[in-house]
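In: Sequence and predicted model, in that order:
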There are 4 protein chains.
Amino acid sequence: MTMDLGRSLRLGLYGSSHGPEVGLTLEGLPPGTPVDLAAIQADLDRRRPVGRRLATRRHEEDALIVDSGVKDGRSDGSRFQAHVLNTDVRREPYDRLRHTPRPGHADYPARIRYGPEADLSGGGIFSGRMTVGLVVAGALAKALLAPRGVAVVAYTRSIGAVEAPAPATMPPAELAMRARANEPGTFDPEAAARMEAVIAEARRAGDSVGGVVEVRASGVPVGLGEPFFDSIESVLAHAYFSVPAVKAVEFGAGFAGARMRGSEHNDPFVLVDGQVRTTTNHAGGILGGLASGMPIVARIAVKPASSIAHPQRTLNTETGETVELVVTGRHDPCIVPRAVVVLEAMTAFGLADLALTGGFLR
Amino acid sequence: MTMDLGRSLRLGLYGSSHGPEVGLTLEGLPPGTPVDLAAIQADLDRRRPVGRRLATRRHEEDALIVDSGVKDGRSDGSRFQAHVLNTDVRREPYDRLRHTPRPGHADYPARIRYGPEADLSGGGIFSGRMTVGLVVAGALAKALLAPRGVAVVAYTRSIGAVEAPAPATMPPAELAMRARANEPGTFDPEAAARMEAVIAEARRAGDSVGGVVEVRASGVPVGLGEPFFDSIESVLAHAYFSVPAVKAVEFGAGFAGARMRGSEHNDPFVLVDGQVRTTTNHAGGILGGLASGMPIVARIAVKPASSIAHPQRTLNTETGETVELVVTGRHDPCIVPRAVVVLEAMTAFGLADLALTGGFLR
Amino acid sequence: MTMDLGRSLRLGLYGSSHGPEVGLTLEGLPPGTPVDLAAIQADLDRRRPVGRRLATRRHEEDALIVDSGVKDGRSDGSRFQAHVLNTDVRREPYDRLRHTPRPGHADYPARIRYGPEADLSGGGIFSGRMTVGLVVAGALAKALLAPRGVAVVAYTRSIGAVEAPAPATMPPAELAMRARANEPGTFDPEAAARMEAVIAEARRAGDSVGGVVEVRASGVPVGLGEPFFDSIESVLAHAYFSVPAVKAVEFGAGFAGARMRGSEHNDPFVLVDGQVRTTTNHAGGILGGLASGMPIVARIAVKPASSIAHPQRTLNTETGETVELVVTGRHDPCIVPRAVVVLEAMTAFGLADLALTGGFLR
Amino acid sequence: MTMDLGRSLRLGLYGSSHGPEVGLTLEGLPPGTPVDLAAIQADLDRRRPVGRRLATRRHEEDALIVDSGVKDGRSDGSRFQAHVLNTDVRREPYDRLRHTPRPGHADYPARIRYGPEADLSGGGIFSGRMTVGLVVAGALAKALLAPRGVAVVAYTRSIGAVEAPAPATMPPAELAMRARANEPGTFDPEAAARMEAVIAEARRAGDSVGGVVEVRASGVPVGLGEPFFDSIESVLAHAYFSVPAVKAVEFGAGFAGARMRGSEHNDPFVLVDGQVRTTTNHAGGILGGLASGMPIVARIAVKPASSIAHPQRTLNTETGETVELVVTGRHDPCIVPRAVVVLEAMTAFGLADLALTGGFLR
């Protein structure tokens, strides 16, 4: 297992979904970085499932406890460390799952790799709960980037067949405000209502739905990035694909760009208010792995949650028989809205790491 | 700049497209690994542009010279190092490009980051020529993986609007043989002819076309991968996005999966000839970041080459005037066929690195 | 600051002497490693100052709290994390020290590097209290090495002018038992008494004394070590010199060997009970950076503690005047006995890290 | 094997003493660093054995060939890579050594670790010839440090029983000039003559002698160093102990300091010409792992060369019989003078690496 990410900012995760706590350790945060606990907590609250996000947060739920690295509201140069308690650990009767791996889950390869005694109840280190640490690290990264004028905003672009691409011209602050005002996390109230309907329908069917999150980072300093191997795309995609359920990532025109001609895909340079810009942004703000000065735009596909109430066919790996599996417990019919803040965090983390490596934050 | 990739296998690139040579240095290759120079050279030859790939290779063109690390046909435990000469360095009259950045290229951000004296002629370290080292590293990685039964094959799945998805059931050896028998590098001769026509048409128009490469890796040991942060997807995507012109990556059902329901996306486990398999492979052979035993399937979007003969609009960054730019020199109207072997190499490299880290190669 | 050590076992420290806790995070511990909390606590207790080591430990003093990574007495594959509380934080009146750096301490360079707001009370991250994490990591490393037959033992070889070299033939278990039976941590009760007298005398004089710790590791697998750059000597010395107050390290004959002839220094090979051994051990168990099979022997010089009650001359860096400084608070007249377990831990940690890297622990 | 050193400056070695060349690869050299080939070559020439150092260098001997990373006399941002040819490879009849390991050499543990087919003729990667790359990296590091006012000078402090400590007050430039004017590499011509006599006598006896090298680095910026784990002592000792034949390292008062009282060892701060200095330098210029502004002083013990003509007793590991071994070929009776430039290089490399990490070189 590799519980470490980053080159200049080094993030480690600890704990697991079935232990007493999950947390993070962060090395490399420059001394003096403001640590705004309320802002971190606000991001953590955005991880809550649909149906509970806009409700009052019960104080004990995912309340951040800082153990090291902060003094008088600023990082003090020692390692940052913090955790939240797992207040709701319920040992599911996973024993019977031992030989009937759940489709779509890590059960089968994890058992082969780590042996029969590996505790997979609730997902262990494969659980979405581990993303708590990503959100905290991302909030700290945003605090590093903000004074440099970098704004990172993610929103739900689609759920199932409901698509809601935000206008490219929408200011980041407005997009952020809109996306936080509804539970699906999208920019448009009408689309949000349709997305909620799709989610509700999946819940009723004992099923789940997937979707696409779009991330935009504006104000990224021109030239940020460390090609050949740490292009912005490489660093962000590495981080995105570590988030459970992510199966595809594209920047700018992405897959659609593969069907374009060069004369169409190349973004022409122009001067706008004395600034070098491009008239289109098929490059997604990244040229040769470096920030071009245009907004960085990434879209990330989140598969439908694997945990469904619906009966599923699987294999009893001991007897070799095909069996019908019904997974009990709570199911989250759509994790896309919860992934929004996580992918936003991973974007901020990757950009802050590159900014430190490249000397942009001095 | 970051010229290093990998955790257990550590690849470094050296040289640049405008210097005397380009090469690689590779640390971590287990002593005794067979080094088949003919196989490496065969892969290097697959990097040649369309129109020159099936022609006789002139001996001096990209002929590999090994400097260290090999004795009697096997790695000897010291650092592997090898290079090819740049026999065809032509200093283009790039001076006039100094203030008129080429659309789609790294010129503008590279100039801002590295200063006016940065030599960008021919692309420098941003050049596709740097991928020579990737191909060599990939060929060595294949030699590491082969005794374990892992086969990695890439082919051109689409160029422009011409799509040619190979049947999921086609054996890797047959897919490899077919894809190497035509210049576009696809599995079907008829589709290959249509792709060649699209490329020829783009060449005539002084334009370029993009496409999609699909990679398949079969025989990957169940459980390979190092989540949380070094999931197979993270490691492969990191490597893919360091290849110039790559703008999107998806695994298994990818973006299409975001529109599915969980009951549809989850791949049911079955027993086939005593082996645990799944009836579908929407997961692309990866569950929870670990290999499931099903073939790993990735699709990578390659944008149309930015270098086109077609006149383009850009900015003179000194005067602020919009100017028309005509880029002279040779242009490769489609780099997708050349990217096939590079992306195949990056797949083998990533999997071999994970296999060494996870102890699968002892 | 670099709060990380190790390649395969990666140790990080967190907290500081003036915060609420100090702890460690450890990545790379193989799943299933036995975690014996009583053994760890016993090693932590050996860090206690002379005068308090053989007394009953009050329960709240340096009691280890494990936060992550252990289940049913074994490492569970997630990151190991643990801490002890700083129950005795006393904010010394360090304000007046701001411009009068204490001789022998990091005050002056730390202020220049980290600025006037750096909190140096009690030493912060420069404090010997950070070594708590080293001791815990070392205890875990010993548990990794023990099944492979490796025993690591350190003892106090000298304090001031009192020298007590243990016979080379003394079995490790006996040496360990003897060295833990007295407060100075040496092998010979009579020498221990003389060392205690030297320490008591220094205490009365408001002064401090230094000494030398010797470490012996037996049973190390022949060939362990990763030269060129990670020779056993390099890895152990790196770890030793990170321990506060260490100023010199030698292996085998060390400095005395520099005055020998080759014919004298070279250790002749012989067969003893069917085992390849050498008649002498001037190499300190290390040939070409690799373990030779003979015991690894290192001696480490610990300077006299810089904190003394004795008035000292220093500079007021603001006024430029020479002033007399009296440092109040508790002073430990000899830290050598406390360094014994720390250096033993660093030895075990370095060897375990090399053993994992070299594949000796599978 | 670990052929990599450094965090911000990353040095790799390639080739081996029995291959066609030995070389280095260096990642992280800031673009624009002056690369003075004559200065590098001058340092390489200082590696020549006594008896050949002041003679005219035959052009083909250890002539540096740069392969990558330099343009117009400056580093160009791509990886630096260079090598020298092994013009004098003589395959010794090492076959008979296969079962009679040479005392003092890596033969025995290397055979156990890497198997019977490991080619140890001439030392392979354990050879002193690998230090060519260290010298080149050190020369580049000196070029990085020089504009910051840092001067690194090493000299031979003792050979056998002949000791020649240079006055602490001798200016670095004078010490460097003196030490390069005689073959043993010491500061005093009279001591040099006595050292030469000791070496000549060892040669006549078919034996070898060891010695001590002292390194001084002046002008190091106050606060340089990355404790907790990358203290200046840790980083330099790690580098020193990777040099073959080094068995002991001390800083400042070193082992002698272990016998001092704190009141004696603590260096009092004073103001000299408006600069903060200390009246003594028992700390060797390092407080709490950070540079204090006083000269950094290290002494390194080099054991007598293991290769001697003298007949030696060893073991036939196959038959178990004790045999007499006579190692033929050229023998260098004292490698201390050749180690001077290597240890100077390792000092410069370590300090430059820390300076880059700490942001001292912008």
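Out: Nice, thanks for sending it over.
In: Span of stretch A:206-225 from start to end?
Out: 44 Å (Cα to Cα, to the nearest Å).
In: just checking, A:Ala63 touches A:Ala82?
Out: No: the pair A:Ala63 and A:Ala82 fails to qualify as a contact (Cβ atoms under 8 Å) at a distance of 10.6 Å. Heads up, the C-betas are built off the backbone N, CA and C, glycines and all.
In: and these two? which has more neighbours close in?
Out: With neighbours defined as other Cβ atoms under 10 Å in any protein chain shown, A:Ala63 and A:Ala82 compare such that A:Ala82 has more, 24 against 14.
In: Dig out what that one forms beta bridges with.
Out: For A:Ala82, the beta-bridge partners are A:Leu24, A:Val66 (DSSP bridges).
In: Starting from chain D, give me the distance back to the nearest residue to A:Ile232 once chain neighbours are set aside.
Out: For A:Ile232, ignoring the flanking residues on the chain, the nearest one in space by Cβ to Cβ, 6 or more residues apart in numbering or on different chains is A:Gly225 at 4.4 Å. As judged by Cβ to the nearest Cβ, to the nearest Å, A:Gly225 and chain D stand 14 Å apart.
In: got a list of what A:Gly225 touches?
Out: A:231-232, A:235, A:286, A:289-291, A:354, A:358, B:109 (Cβ atoms under 8 Å, 6 or more residues apart in numbering or on different chains).
In: Chain B contacts on the stretch 51-200 of chain A?
Out: Selection of the stretch 51-200 of chain A residues close to chain B by Cβ under 8 Å from any Cβ of the partner chain yields A:101, A:103-110, A:112-114, A:125-126, A:130, A:158, A:160-161.
In: what's the farthest-apart pair in the contacts of A:Gly225?
Out: A:Val235 and B:Pro109 (15.2 Å; Cβ to Cβ).
In: which of the two has more neighbours?
Out: A:Val235 (29 against 26).
In: does that one count as helix, strand or coil?
Out: Classification of A:Val235 by DSSP: H, G, I helix; E, B strand; the rest coil places it in helix.
In: so it touches A:Asp353, yeah?
Out: Yes: taking Cβ under 8 Å as the definition, A:Val235 is a contact partner of A:Asp353 at 6.8 Å.
In: Filter the residues of the stretch 51-200 of chain A next to chain B down to the buried ones, ChimeraX style.
Out: Those of these that count as buried under 16 or more other Cβ atoms under 10 Å in any protein chain shown are selected in ChimeraX with:
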select /A:101,103,104,105,106,107,108,109,110,112,113,114,125,126,130,158,160
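In: Among the residues of the stretch 51-200 of chain A next to chain B, which lie within strands?
Out: A:Ser158 (DSSP state E).
In: Local confidence estimate at the residue nearest to A:Ile232?
Out: In the predicted model, A:Gly225 carries a pLDDT score of 97.
In: measure it to A:Phe251 for me?
Out: A:Gly225 is 12 Å from A:Phe251, where distance means Cβ to Cβ, to the nearest Å.
In: list the contacts for A:Pro31?
Out: Per Cβ under 8 Å, 6+ apart, neighbours of A:Pro31: A:74-77, C:114, C:118.
In: Inside strands: which ones of the residues you listed?
Out: A:74-75.
In: So for the contacts of A:Pro31, which is the shakiest by pLDDT?
Out: Where pLDDT dips furthest among the contacts of A:Pro31: C:Ala118, at 62.
In: Now do the longest helix along chain A: distance to the chain's middle.
Out: In terms of residue count, the longest helix belonging to chain A (DSSP state H) is helix A:336-357. Taking Cα atoms, centre = their mean, to the nearest Å, one finds the center of helix A:336-357 at 7 Å from the center of the full chain.
In: does any bit of that helix sit next to chain D?
Out: No: using Cβ under 8 Å from any Cβ, helix A:336-357 stays clear of chain D, with a minimum separation of 10.1 Å.
In: wait, doesn't A:Leu271 sit right on A:Thr279?
Out: No: counting by Cβ under 8 Å, A:Leu271 stays clear of A:Thr279, with 11.0 Å between them.
In: Mind checking which of the two has more residues around it?
Out: Neighbour count, other Cβ under 10 Å: between A:Leu271 and A:Thr279, A:Leu271 has more, with 15 against 11.
In: which non-adjacent residue is nearest that one?
Out: Of all residues not flanking A:Leu271 in the chain, B:Gly320 sits nearest, at 5.0 Å (Cβ to Cβ, 6+ apart).
In: Near chain D, which residues of chain A are found?
Out: So far as Cβ under 8 Å from any Cβ goes, chain A lies against chain D at A:359, A:362.
In: Name the residue of the stretch 101-250 of chain A that lies nearest to chain D.
Out: A:Phe228 (9.7 Å; Cβ to the nearest Cβ).
In: Which pLDDT value belongs to the closest residue to A:Gly288 other than its chain neighbours?
Out: Distance criterion Cβ to Cβ, 6+ apart; nearest residue to A:Gly288, sequence neighbours excluded, is B:Ala106 at 2.4 Å. B:Ala106 carries a pLDDT score of 93 in this model.
In: B:Ala106 reaches B:Phe126, doesn't it?
Out: Yes: at 4.5 Å, B:Ala106 counts as touching B:Phe126 under the criterion of Cβ under 8 Å.
In: how far away is A:Val212 from B:Phe255?
Out: Going from A:Val212 to B:Phe255 by Cβ to Cβ gives 7 Å.
In: Next, show the common contact partners of those two.
Out: Joint contacts of A:Val212 and B:Phe255 (Cβ under 8 Å, 6+ apart) are A:Ala301.
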